[in-house]
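[1] Fold the following.
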Amino acid sequence: MSYQRRNTALLLALFALAFVFAGLALAKKNADHVQMQMDEHRRAEHVLNRLAFGPRPGDVAEVTAIGVDKWIDLQLHPEKINDDTLESRLAPLRTLRMGTREMSEEFPSQQVIKQVADGKLSMPAGGAKHAIYMAQMERYEEKISRKQESANATPQAADNAAQSGEQRNATQQNAISSTTPDEDRTKQDGIAKDQKEDQRQMAESDLPQLLNEPADQRFKAILKLPTEEQIALASLNEREREPLLEGMTPEQRETMGALRNPQQVVTDELMQGKLLRAIYSQRQLQEVMTDFWFNHFNVFIGKGPDRYMLTSYERDVIRPHALGKFEDLLVATARSPAMLFYLDNWLSVGPDSDFSRGVPKYVNRPWTGRRRFPPPPRPQRQAKAKRPSGLNENYGRELMELHTLGVNGGYTQKDVTEVARVFTGWTLKDPRDGGGFFFDERKHEPGDKIVLGHRIKPHGEQEGLEALHMLAHSPATAHFICTKLAMRFVSDNPSDALVNAMAKTFLKKDGDIREVMKTMLSSPEFWAAGDYRAKVKTPLEFVASAARATGAEISNAVPLIRQLQNMGMPLYGAQPPTGYSMKAETWVNSSALLARMNFALALTTNRLRGTQVDVQHLSGGSNTADVQQTLATLENNLLEGNVSQQTHGTIEARLQDPAISHRKLDDPARPPDVAMIEGLLLGSPEFQRR
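    Numbering: from 1, shown residues only. All right, here's what the predicted structure looks like:
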């Protein structure tokens, strides 16, 4: 490693270490902040950091001009805010407007391809969709072929091992297959590697001629190529693939991506949509609340078909209810295919249900709350004892522990089981094909259920709605939800007085989230000077706020998505139902902070593909060689001048190191490295708090 790179790495480590200490000191309340008064300018900055994903250039002045209270009221009513500029940015991401079934058909999953292979679905007739299906069929058949080869090798090895000692002579050993299963896998890996190399050579031979064609003709020419060559072109690395995609329409780019991996197109567009909304939406509070509620009702993108369901889940379930009634949001999540699949409730069957007892299907009689059929003869009852109950408690447990009452909400294991019985029959119709929610009476557990001491009488699907209503109006739920809201917007350890005031509003206003937010925003705790810039940003908040603060122009958000993965917060990637933590301790560690600093410098030096930052604009466009003046200007533009003397001095000292800045502080012949200064400020302790 060169001297310059060693020093740069040392600088990043020092900043990361400084931030660790700053994070540990958050609870001590900076004395300067305590003394500071929240004037209108400071209040504007505060709400932009707490109710939005940070200010953009000029935002603080704009909010100050219209009035902080008026801006807050407008954000609480997002339907009044024009967001057409954002919609134009989202327009190329077609899957964001698709239903789950349509998405699954346009960008087929392995399950869809298997159905085509089995003759259950027809192959699209022609065009781009046909090419996508053919590419996936090619991969599917190759996968099946490899499995068959492996299966054929295994019985042979087993037969050889079973031979008697007398049969294992030298002649017979030579007749035995010379490869072990491990060797066979190695051989297959070698074949796969050779195939990839052949595909690469095919792609490289096609490229020169294709790149000479206009974009539309180039795309049509690709569709005429054999499937193997289409796959080879789509599988080129990003640097090689970008010239091939140059000038293509968004739909054509989607096709090229789908030739490689249809599911990746769906997930990439979902993640890009989330980031673009966080960075560019005028409805900032709605996006912050959408992120909050998605995390509260977390669903993991990596669980099979959920990756196709999450677009609708966030768009149709979470966002429309983000500032509405909590009960409406709770019911919407309970019926959501994404939640039903994630927590396996779609598989839950009542032990004494008609389905479990093997009662024949009968659909023409209305539900009366009683069994549709008389109990089967006693011999069948004896046989039933050997059948698994099929009751799944995952959703019942998380519903009370994470979605409503909280871990100390006063429920018992018996309540978990009873709630699970209530939600039997809440299932999905063809989940792998994008089917939606429906209530299956045959799988529903009959009889009364006792939940939290409350008797729920047999009413089919209505039982679940009754349970959700009861939970949504519980004082324990009000306290738990309001504690989490206060943690997100006020402090990692909110005061009891604030939480109690919010919970009182929650119960009085029928769980109206907008009214609860008003109570929080009118409280002295929200405006306490000691909590100014005291919340550590999550990686998502950090990346979005950095892009907003620098006025970044984003044409491709995928590289930003990868930065979030590097920081330990892949979008929609929290596997446990608890979601991601909002507390500082989760995100304050040397490795994560170093990743943040690396991102900040990559952003401001324009080393992130698809993102462009006008670094000179933030410095006033001046070519002055005065480092002090440039640093002061950037501190004002990026942090409203709120930079500690320690941070200012550390950056100033680093800029004097020629191994890092390529100039000395008193070198009049060369202007300061504005991009470096901006990157260091974005990586500073002050910017990483909100």
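[2] The top helix by length along the chain: which residues count as buried?
    Longest helix in the chain, counting residues (DSSP state H): helix 127-162. Within helix 127-162, the residues that qualify as buried are 128-129, 131-140, 153, counting by 16 or more other C-beta atoms under 10 Å. For every residue, glycine as well, the C-beta is placed using N, CA and C.
[3] Next: stretch 473-482.
    For stretch 473-482, burial by neighbour count (16+ other C-beta under 10 Å) applies to H473, S474, A476, T477, A478, H479, F480, I481, C482.
[4] Take these and keep only those in helices.
    Those of the buried residues of stretch 473-482 lying in helices (DSSP H): A476, T477, A478, H479, F480, I481, C482.
[5] rewinding a little: I'd like the buried residues of stretch 473-482 laid out as CSV, including distance to L402 and pLDDT.
    Below are the buried residues of stretch 473-482 laid out as CSV (distance: C-beta to C-beta, whole Å; pLDDT from 0 to 100):
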residue, distance to L402, pLDDT
H473, 18, 98
S474, 14, 98
A476, 13, 98
T477, 11, 98
A478, 15, 98
H479, 14, 98
F480, 9, 98
I481, 11, 98
C482, 15, 98
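[6] Sort out which one of these lies nearest P226 for me.
    For those, the residue nearest P226 by C-beta to C-beta is I481; the value is 56.8 Å.
[7] ok, the closest one to K509 distance?
    Look at I481 and K509: by C-beta to C-beta, to the nearest Å, they are 13 Å apart.
[8] Give me the common contacts of the two.
    Common contacts of I481 and K509 (C-beta atoms under 8 Å, 6 or more residues apart in numbering): V516.
[9] residues touching I456, list them.
    V422, D448, K449, I450, E463, E466, A467.
[10] Can you turn the buried part of these into a PyMOL selection?
    Selection of buried members from these for PyMOL, criterion 16+ other C-beta under 10 Å:
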select buried, resi 422+449+463+466+467
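[11] got a pLDDT number for Q380?
    On the pLDDT scale, Q380 is placed at 44.
[12] for G530, that is, sorry about that
    G530 is assigned 83 on the pLDDT scale.
[13] other SSEs contacting the longest helix of the chain?
    Counting contacts by 3 or more C-beta pairs under 8 Å, 6 or more residues apart in numbering; DSSP states H and E, helix 127-162 packs against helix 110-117, helix 181-211, helix 215-224, helix 227-234, helix 250-260.
[14] Quickly, which of the ones you listed bottoms out on average pLDDT?
    The bottom spot among the helices and strands packed on helix 127-162, by mean pLDDT, belongs to helix 181-211, with a mean of 60.
[15] how far away is G641 from A420?
    56 Å.
[16] should've said S104
    29 Å.
[17] and the angle for the longest helix of the chain with helix 110-117?
    Here the directions of helix 127-162 and helix 110-117 differ by 90 degrees (axes from the mean of the first three to the mean of the last three C-alpha atoms, to 10 degrees).
[18] Now do helix 127-162: distance to the chain's middle.
    Centre-to-centre, helix 127-162 and its host chain are 32 Å apart (C-alpha atoms, centre = their mean, to the nearest Å).
[19] between it and helix 215-224, how many degrees?
    Using the same axes, to 10 degrees: helix 127-162 against helix 215-224 is 40 degrees.
[20] pLDDT on helix 127-162, on average?
    79.
[21] just to revisit the earlier point, of the ones in helices among the buried residues of stretch 473-482, closest to P208?
    Set against P208, the nearest of these by C-beta to C-beta is I481 (60.3 Å).
[22] Just the closest of the buried residues of stretch 473-482 to G610, please.
    I481 (37.5 Å).
[23] residues contacting that closest one?
    The contact partners of I481, by C-beta under 8 Å, 6+ apart, come to F326, T404, F506, V516.
[24] Could you report the neighbour count for the third one?
    Same thing as F506. Counted with other C-beta atoms under 10 Å, residues neighbouring F506 total 25.
[25] can you tell me which residues contact it?
    F326, A478, I481, C482, D512, V516.
[26] secondary structure element for it?
    helix 496-508 (DSSP states H and E).
[27] Beyond that helix, next helix or strand please.
    helix 513-521.
[28] List of residues touching that next one?
    Contacts of helix 513-521 (C-beta under 8 Å, 6+ apart): 72, 76, 289, 322-326, 329, 481-482, 485-486, 489-490, 498, 501-502, 504-506, 509, 526.
[29] Just the buried subset of these, please.
    72, 76, 289, 322-323, 325-326, 329, 481-482, 485-486, 489-490, 498, 501-502, 504-506, 509, 526.
[30] related to what we said a few turns ago, pipe the contacts of I481 into a markdown table and attach distance to K583 and pLDDT per row.
    A markdown table is the format used below for the contacts of I481 (distance: C-beta to C-beta, whole Å; pLDDT from 0 to 100):
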| residue | distance to K583 | pLDDT |
| --- | --- | --- |
| F326 | 23 | 98 |
| T404 | 21 | 98 |
| F506 | 22 | 98 |
| V516 | 21 | 98 |
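[31] and the two most separated of the residues you listed?
    T404 and V516 (14.9 Å).
[32] before we move on, the earlier item: just the ones of the contacts of I456 in strands?
    Assigned to strands by DSSP state E, the following of the contacts of I456 qualify: K449, I450.
[33] which one of the contacts of I456 is nearest T64?
    Looking across the contacts of I456 and measuring by C-beta to C-beta, the closest to T64 is A467, at 47.3 Å.
[34] thinking the closest one is in contact with V451, fair?
    Yes - using C-beta atoms under 8 Å, A467 makes contact with V451 at a distance of 5.7 Å.
[35] got any residues that touch both of these two?
    With C-beta under 8 Å, 6+ apart as the test, A467 and V451 both reach V419, V422.
[36] Can you tell me the closest non-neighbouring residue to R319?
    T290 (4.7 Å; C-beta to C-beta, 6 or more residues apart in numbering).
[37] returning to what we had before: could you dump the buried residues of stretch 473-482 into JSON lines and include distance to Q217?
    Converted to JSON lines, the buried residues of stretch 473-482 look like this (distance: C-beta to C-beta, whole Å):
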{"residue": "H473", "distance to Q217": "63"}
{"residue": "S474", "distance to Q217": "64"}
{"residue": "A476", "distance to Q217": "65"}
{"residue": "T477", "distance to Q217": "60"}
{"residue": "A478", "distance to Q217": "62"}
{"residue": "H479", "distance to Q217": "64"}
{"residue": "F480", "distance to Q217": "60"}
{"residue": "I481", "distance to Q217": "57"}
{"residue": "C482", "distance to Q217": "60"}
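[38] if we take those, which one ends up nearest to L233?
    Looking across the buried residues of stretch 473-482 and measuring by C-beta to C-beta, the closest to L233 is I481, at 50.5 Å.
[39] which residues in the protein form strands?
    In the chain, the strands defined using DSSP E lie at 426-428, 437-439, 449-451, 454-456, 553-554, 611-612.
[40] Please point out which parts of the second one sit buried.
    For strand 437-439, the neighbour count (16+ other C-beta under 10 Å) marks F437, F439 as buried.
[41] What pairs with that strand, parallel or antiparallel?
    Counting by DSSP bridges, the strands paired with strand 437-439 are strand 426-428 (antiparallel).
[42] what comes into contact with the strand it pairs with?
    334-335, 337, 340-341, 345-348, 435-440, 443, 461, 464.
[43] mind redoing it with 6 Å?
    If you take C-beta atoms under 6 Å, 6 or more residues apart in numbering as the criterion, strand 426-428 is touched by P337, L340, N345, W346, G435, D440, G464.
[44] got the angle between the longest helix of the chain and helix 227-234?
    Going by the same axes, to 10 degrees, helix 127-162 makes 100 degrees with helix 227-234.
[45] could you measure M248 against D216, distance?
    8 Å.
[46] Of the two, which one has the most company?
    M248 (17 against 12).
[47] Report pLDDT for the more buried one.
    95.
[48] Now it. Its backbone dihedrals?
    M248 adopts backbone torsions of phi -70, psi 150, taken as degrees, to the nearest 10.
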